[in-house]
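# I'll drop the sequence and a predicted model, then ask my questions.
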Amino acid sequence: MSEESIYESLLRKGVSRRDFLKFCSTSAMILGLSSSTVPKIAEALEKKERPSVVWLHFSECTGDSESVLRASKPSIAQVILDIVSLEYHETIMAPSGHAAEKSLKDIITKKKGKYIAVYEGAVPTADGGVYCFIGGHKAIDICKEVGSGAMANIAVGNCACFGGIPAANPNPTKCVGIKDILGGTVVNLAGCPMNAENFTAVVVHFVTFGTLPALDKHGRPLFAYGKCIHNNCERRPHFDQGQFVRQWGDMGHRLGWCLYEMGCKGPMAYQNCPTIRWNEGTSWPVQAGHPCIACASPNNWDDAYPFYKRMEGVPGVGWQANADKVGLGIAAATAAAVAAHGIIRAATRGKGPSDKEEGH
């Protein structure tokens, strides 16, 4: 563990007390905790040392590291330099070659049981795991060695959590998620990529309470993956009114109508994207006009495909028939209203003001 507390590191970086407490409040909000826990979070960050973090890369695109690098609440400087002590990260660390390998070996031997291991990417298992080597060692062996000495294991991104794209059919290298290699408790911060704010919240929870947050059956923190995207989506009122986008760029698309007919998988997806959002909390894919692809769900690259086609029979949710009924009901009601208007107009024609006088 770093000898400097999180709060001391923040002060050294010029962070004000006000901003520190604001960060504590934001962390409590993301974790779904009441405001009464803010003082406890503040106290923990003031007194406890920064946890050492080893961040590993396997079969992936580095998208989750890119997500962290673009985080704004907190900034990357706060995440890496102030909240955690990032001691090994192959993409952004200064050492390379043998020096980098020595850094990793020193950490896992000298700080055994005192570091957090973060994994980005799936692990190939076919032919003994020969399809991913780092520093002359197979990814599967590195994962086992580092994971066995970590005080907490966190998988970030769908590839590390469930195999992601590398594990999609036909999966020739037999890629799997970190949980399948390590067993035990692995926190899955799923998504493509994961939201950096959820990662920070997990670390804050661990530092504050000494435990990992409550997880769902897929190992995902309930605070971030406990609610259906469909129920928190700003387009939900249009779904309920049967107002669906039918073609890219049509009037409904420009007006922000529901993307269900365009393949949106929001009704089968669980994540806090609609509330935490991206780009400094200003937007997220559905708000920007792109359907959800259930990127935080296991096997989404197979189960949710094709992404731009309305999905049939999503398991566990009875919304599909309802969508049909709502859409048909609205259409029928609209048609009936138009017909009634025509009948009334025909019956009253000649008895009231002319079309010209009415302004038609």
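Looks like it arrived, so ask away. Numbers count the residues shown, from 1 in each chain.

# show me the domain layout of this protein.
6-225, 228-360 (automatic domain parsing).

# among these, which is the most enclosed?
domain 6-225 (a mean of 19; mean count of other Cβ atoms under 10 Å). Bear in mind the C-beta positions are built from the backbone N, C-alpha and C, glycine included.

# what about that one, start to end distance?
Terminal residues of domain 6-225 lie 27 Å apart, using Cα to Cα, to the nearest Å.

# save the domains of the chain as TSV, and put in mean pLDDT too.
What follows is these, written out as TSV (pLDDT from 0 to 100):
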stretch	mean pLDDT
domain 6-225	90
domain 228-360	75
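
# those helices in the stretch 101-250 of the chain, which residues are they?
For the stretch 101-250 of the chain, the helices defined by DSSP state H, counting those that start in this stretch cover 139-148, 158-162, 178-182, 196-209, 222-225, 229-232, 236-240.

# surely residue 307 meets residue 264?
No - in this structure, residue 307 is not within contact of residue 264 by Cβ atoms under 8 Å, at 9.1 Å.

# what touches both of these two?
Listed as contacting both residue 307 and residue 264 by Cβ atoms under 8 Å, 6 or more residues apart in numbering are residue 291.

# and residue 53, which of the helices of the stretch 101-250 of the chain is closest to it?
helix 196-209 (8.2 Å; Cβ to Cβ).

# residue 297 contacts residue 267, doesn't it?
No - counting by Cβ under 8 Å, residue 297 does not reach residue 267; the two are 11.5 Å apart.

# and the strands in the chain?
Counting by DSSP state E, the chain has strands at residues 52-57, 85-89, 115-120, 123-124, 133-134, 137-138, 152-156, 175-176, 187-189.

# same list (the ones you listed) but as CSV, adding distance to residue 19.
What follows is these, written out as CSV (distance: least, Cβ to Cβ, whole Å):
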stretch, distance to residue 19
strand 52-57, 23
strand 85-89, 21
strand 115-120, 24
strand 123-124, 39
strand 133-134, 37
strand 137-138, 41
strand 152-156, 26
strand 175-176, 41
strand 187-189, 25
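
# right, and those - which one's nearest residue 7?
The nearest among the strands of the chain, by Cβ to Cβ, is strand 85-89 at 14.1 Å.

# next, the angle from that closest one to strand 52-57.
30 degrees (axes from the mean of the first three to the mean of the last three Cα atoms, to 10 degrees).

# next, the angle helix 139-148 makes with strand 85-89.
Following the same axes, to 10 degrees, one obtains 160 degrees for the angle between strand 85-89 and helix 139-148.

# ok, strand 85-89: who's next to it in the sheet?
In the sheet, strand 85-89 lines up against strand 52-57 (parallel) (DSSP bridges).

# contacts for the strand it pairs with, please.
Under the contact criterion Cβ under 8 Å, 6+ apart, strand 52-57 has outside partners 1-2, 65, 84-91, 104, 107-108, 111, 114-121, 134, 142-143, 146, 150.

# relative to strand 152-156, how tilted is that strand?
Calculated by the same axes, to 10 degrees, strand 52-57 forms an angle of 40 degrees with strand 152-156.

# strand 52-57 versus helix 196-209: what angle between them?
Interaxial angle, strand 52-57 versus helix 196-209 (the same axes, to 10 degrees): 150 degrees.

# just the CA atoms of strand 52-57, as PDB, please.
Extracted in PDB, the C-alpha atoms of strand 52-57 (Å, rounded to 0.1, in the frame of the first residue of the first chain):
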ATOM      1  CA  SER A  52      -1.800  -0.500  -5.100                       C
ATOM      2  CA  VAL A  53      -3.200  -1.600  -8.400                       C
ATOM      3  CA  VAL A  54      -1.800  -4.000 -11.000                       C
ATOM      4  CA  TRP A  55      -3.600  -3.600 -14.400                       C
ATOM      5  CA  LEU A  56      -3.200  -6.400 -16.900                       C
ATOM      6  CA  HIS A  57      -4.000  -6.600 -20.600                       C
END
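
# what's the spacing between it and its chain's center?
On the basis of Cα atoms, centre = their mean, to the nearest Å, strand 52-57 sits 19 Å off its chain's mean C-alpha point.

# just want the angle from it to strand 115-120.
Using the same axes, to 10 degrees: strand 52-57 against strand 115-120 is 20 degrees.

# change the start of the numbering to 14 and stick with it
Sure thing, new numbering starts at 14, so read that last one as strand 65-70.

# one step back: would you reformat the helices of the stretch 114-263 of the chain as CSV and include distance to residue 315?
Below are those laid out as CSV (distance: least, Cβ to Cβ, whole Å):
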stretch, distance to residue 315
helix 152-161, 22
helix 171-175, 11
helix 191-195, 16
helix 209-222, 24
helix 235-238, 20
helix 242-245, 19
helix 249-253, 25
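
# looking at those, which is nearest to residue 263?
helix 249-253 (13.1 Å).

# can you name every helix or strand that that closest one contacts?
Packed against helix 249-253 by the contact rule (3 or more Cβ pairs under 8 Å, 6 or more residues apart in numbering; DSSP states H and E) you find helix 332-361.
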